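Asker: Sequence below, structure please.
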Amino acid sequence: MLKKKVLVVDDSAFMRKVISDMINKDESLEVIGTARNGEDALRKIQQLKPDVITLDVEMPVMNGLEALHRIMTIQPTPVIMLSTFTKKGADITIEALANGAVDFVPKPGGPISLNIEEVEKELIQKIKIASQVKVNFTGTSKEFYKPLETVEPGQKTGSPMECNLKFPLVLIGTSTGGPKALDIVLQSLPENLPAGVLIVQHMPPGFTRSLAERLDRSSPLKVKEAENGEKVLPGHAYVAPGDYHLEVELKNCEPFVKLHQGPTVNGHRPAVDTLFNSVAEKGIKKVIAVIMTGMGYDGREGLVNLKKNGCYAIAEAQETCVVFGMPKSAIDTGCVDKVVPLPEIASGIINYLVNFR
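Answerer: Residues are numbered from 1 along each chain as shown. Predicted coordinates:
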């Protein structure tokens with residue numbers, strides 16, 4: 001079996017050694033070199049031509065974000081970021097994911113993480129996924145997609161609901177590759193979107209706030225990390241906080257956010273199924289469900305239940321997914337109405353919203 005070649009980039013000699021040892025234990029992977037900063041990495045990449053790069057976020061001389069920009073310009077290669085749980089580390093990581101990094105792994109113990117072995121399984125899994133990704137994206141999504149200007153009114157269709165919401169809900173579930181995909185979709189939704197948007201992105205605590213803040217800067221919508229008990233408003237998007245399930249509860253037929261730390265679902269908290277099922281259980285019919293890039297099958301069961309109430313479902317097409325697992329599992333249920341590449345998801349949402357006017 002031909003092993004996948006990995007370049008490990010970290011300014012700490014200790015971290016380079018420990019990470020390399022973890023990777024080399026897997027029979028399908030091989031560390032072919034290490035680098036101590038971004039500049040050193042750029043030289044090694046051109047010499048060694050790795051299949052995957054693990055890239056530390058915070059380094060002297062040239063940090064991880066700067067190095068990522070150069071890598072994607074000079075020799076596009078799948079990159080896994082290794083990040084700290086600091087606010088600065090989270091901000092840089094989210095920026096990196098929006099600019100071409102495939103995924104990230106948080107260091108559990110800070111820049112020099114003596115307990116890095118805690119994330120060994122996650123790191124190996126993500127390196128293997130990254131090794132299958134074809135990287136050909138060299139800029140920010142703003143260079144490729146322009147926001148849609150407005151939502152045209154249309155005829156109201158469909159049957160009346162027992163609890164008739166004043167506006168529809170757009171439910172979005174995603175995982176690996178999701179931050180960049182969300183950036184592209186939300187940038188193309190208009191400020192006057194007549195729907196509330198609820199988002200589950202598989203991500204640990206400490207990073208979802210940075211994700212929401214970045215999406216808020218790039219999107220016409222108001223985007224924020226969801227807070228327990230707040231009212232869901234049209235033209236707003238709410239990102240589930242890391243380690244909290246996001247549900248919708250109704251008060252006088254108006255939607256509110258409910259957060260809780262119930263058991264993981266499909267190995268995740270937050271989980272897409274938890275959000276979808278909470279809406280399905282309340283019989284809400286004004287729903288558009290969107291499942292985008294991600295590994296596994298989270299969202300599949302919830303989509304089936306939403307469909308019983310007549311939701312409209314969109315799945316991302318394979319050609320634009322970083323990982324096709326979640327959309328494929330949704331499509332396989334037979335409940336998906338439209339399968340489209342990433343750039344067409346926003347228009348799919350907008351075009352269907354006229355049915356609720």
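Asker: helix/strand/coil for the nearest residue to Pro108 once chain neighbours are set aside?
Answerer: Once flanking residues are discounted, Pro108 sits nearest to Glu118: 4.9 Å by C-beta to C-beta, 6 or more residues apart in numbering. Using the backbone N, CA and C atoms, a C-beta is placed for each residue, glycine as well. Classification of Glu118 using DSSP: H, G, I helix; E, B strand; the rest coil returns helix.
Asker: And Phe104, by the same measure?
Answerer: strand.
Asker: any idea how this structure splits into domains?
Answerer: According to automatic domain parsing, the chain comprises the domains 4-130, 142-356.
Asker: Would you convert those into CSV that also reports mean neighbour count and mean pLDDT?
Answerer: Shown next, in CSV, are the domains of the chain (neighbours: other C-beta atoms under 10 Å; pLDDT from 0 to 100):
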stretch, mean neighbour count, mean pLDDT
domain 4-130, 20, 91
domain 142-356, 20, 91
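Asker: what are the phi and psi angles of Tyr244?
Answerer: Here the main-chain torsion angles of Tyr244 (degrees, to the nearest 10) amount to phi -130, psi 130.
Asker: from the chain's centre, how far out does whichever helix or strand Lys5 is part of sit?
Answerer: Following DSSP states H and E, one finds Lys5 within strand 4-9. From the chain centre to the centre of strand 4-9 is a distance of 24 Å (C-alpha atoms, centre = their mean, to the nearest Å).
Asker: Which helix or strand lies directly C-terminal to it?
Answerer: Next helix or strand after strand 4-9 toward the C-terminus (DSSP H and E): helix 13-24.
Asker: quick check: angle from that next one to strand 4-9?
Answerer: 170 degrees (axes from the mean of the first three to the mean of the last three C-alpha atoms, to 10 degrees).
Asker: and the helix or strand just after helix 13-24, what other elements does it pack with?
Answerer: Downstream of helix 13-24, the next assigned helix or strand under DSSP H and E is strand 29-35. Helices and strands touching strand 29-35, by 3 or more C-beta pairs under 8 Å, 6 or more residues apart in numbering; DSSP states H and E, are strand 4-9, helix 13-24, helix 38-48, helix 120-130.
Asker: looking at those, which is closest to Gln187?
Answerer: helix 120-130 (24.6 Å; C-beta to C-beta).
Asker: Just want the angle from that closest one to helix 13-24.
Answerer: Going by the same axes, to 10 degrees, helix 120-130 makes 70 degrees with helix 13-24.
Asker: Quick one: work out the angle between helix 120-130 and strand 29-35.
Answerer: 90 degrees.
Asker: What distance do you get for Pro263 to Lys338?
Answerer: Counting by C-beta to C-beta, to the nearest Å, the gap from Pro263 to Lys338 is 32 Å.
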